[in-house]
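Got a sequence here, can you build the structure:
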Amino acid sequence: MSFSEQQARLRAFLDADDLYEEALDYVATHGYLTALSICPDLVEEEEWMLELFGQEPEYQDTAEQEEITEALRQLKAQIARQLASDEDFEFPCEFDLGDEPADSDIRAWCIGFMEGVFLREDIWFEDDEEEVSELLLPVMVGSGLFDEQPDFAEIANDEELVASMLVQIPDILTTLFLLLQAPEEKPVLLKPRD
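I've put the predicted structure just below:
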């Protein structure tokens, strides 16, 4: 089965109505796995799978469970490869909130991404809290999760500003990846001369 066929089956599974209400759909899952791929702390598969679904899905059989698990692994691996390479990051949606922001794919993607951040929030903000917060702002705005806060409500009411922030997300992901995943520069120790 090709990667695209595998992902089409995963999308059908994640977007089905019979999954637990809190489970992430395909687009939100993509955002979630993107955040996990950027996070400097490795989140074990068992933990991120459980958080993704909210509770164990009712698979038809063991074969379906293995197929879905493998498709999620492959998607996560592809996202990590794209982040680490020079190739363009492939998004599963447009950067447009449309007429119904709550139902838009970009909102779902941003919510999924923030769910991934929340899994290891302390790690994300450990070293460069101010810079990471600034970089995450467009994703936070896109998610709508913070609209109750006055500063976010003000931004959310400015459609042009929100639109300009959303299109920055691909570049932000690259910057976040480099910031959080780049190995620290090791100082060169000079040997004393004999």
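
ok, now how distant is Arg120 from Met114?
Relative to Met114, Arg120 is positioned 12 Å away (C-beta to C-beta, to the nearest Å). All C-beta atoms are positioned from the backbone trio N, CA, C, and that covers glycine.

Looking at the two, which one has more neighbours?
Met114 (23 against 18; other C-beta atoms under 10 Å).

Which residues are in contact with that one?
Gly31, Ala35, Val139, Met140, Ser143, Leu145 (C-beta atoms under 8 Å, 6 or more residues apart in numbering).

Give me the subset of these that lies in helices.
Using DSSP state H, the members of the contacts of Met114 that fall within helices are Gly31, Ala35, Val139, Met140, Ser143.

Now do the contacts for the fourth one.
Taking C-beta under 8 Å, 6+ apart as the definition of contact, the neighbours of Met140 are Cys110, Met114, Phe146, Phe152.

What is the neighbour count of the last one?
The one in question is Phe152. Phe152 is flanked by 17 other residues according to other C-beta under 10 Å.

what's the distance between it and Gly144?
According to C-beta to C-beta, Phe152 stands 9 Å off from Gly144.

any idea how far Glu44 lies from Val167?
Separation of Glu44 from Val167 (C-beta to C-beta) stands at 34 Å.

Which of these two has more residues huddled nearby?
Val167 (12 against 8).

my guess is that one meets Asp96, correct?
No. Using C-beta atoms under 8 Å as the test, Val167 is too far from Asp96 to be in contact (9.2 Å).

and the contacts of Met140, which of them are in helices?
Members of the contacts of Met140 lying in helices (criterion: DSSP H): Cys110, Met114, Phe152.

how about the longest helix along the chain: buried residues?
Identified as the longest helix of the chain according to DSSP H is helix 62-84. Of the residues in helix 62-84, those buried under the neighbour-count criterion (16 or more other C-beta atoms under 10 Å) are Glu67, Ile68, Ala71, Leu72, Leu75, Lys76, Gln78, Ile79, Ala80, Gln82, Leu83.

what do you get for stretch 1-19?
The neighbour-count check on stretch 1-19 (16+ other C-beta under 10 Å) flags Gln6, Gln7, Leu10, Arg11, Phe13, Leu14, Leu19 as buried.

what does that stretch rub up against?
23-26, 29, 53, 57-58, 64, 67-68, 70-72, 74-75, 78.

Give me the mean pLDDT for it.
For stretch 1-19, the mean pLDDT works out to 91.

got the contact list for Leu173?
Contact analysis of Leu173 by C-beta under 8 Å, 6+ apart lists Thr34, Ile38, Leu83, Phe89.

Report the two of those separated the most.
Farthest apart among the contacts of Leu173 by C-beta to C-beta are Ile38 and Phe89. That separation is 11.2 Å.

Who has more neighbours out of these two?
For Ile38 and Phe89, the more surrounded residue by other C-beta under 10 Å is Ile38, and the numbers stand at 23 against 15.
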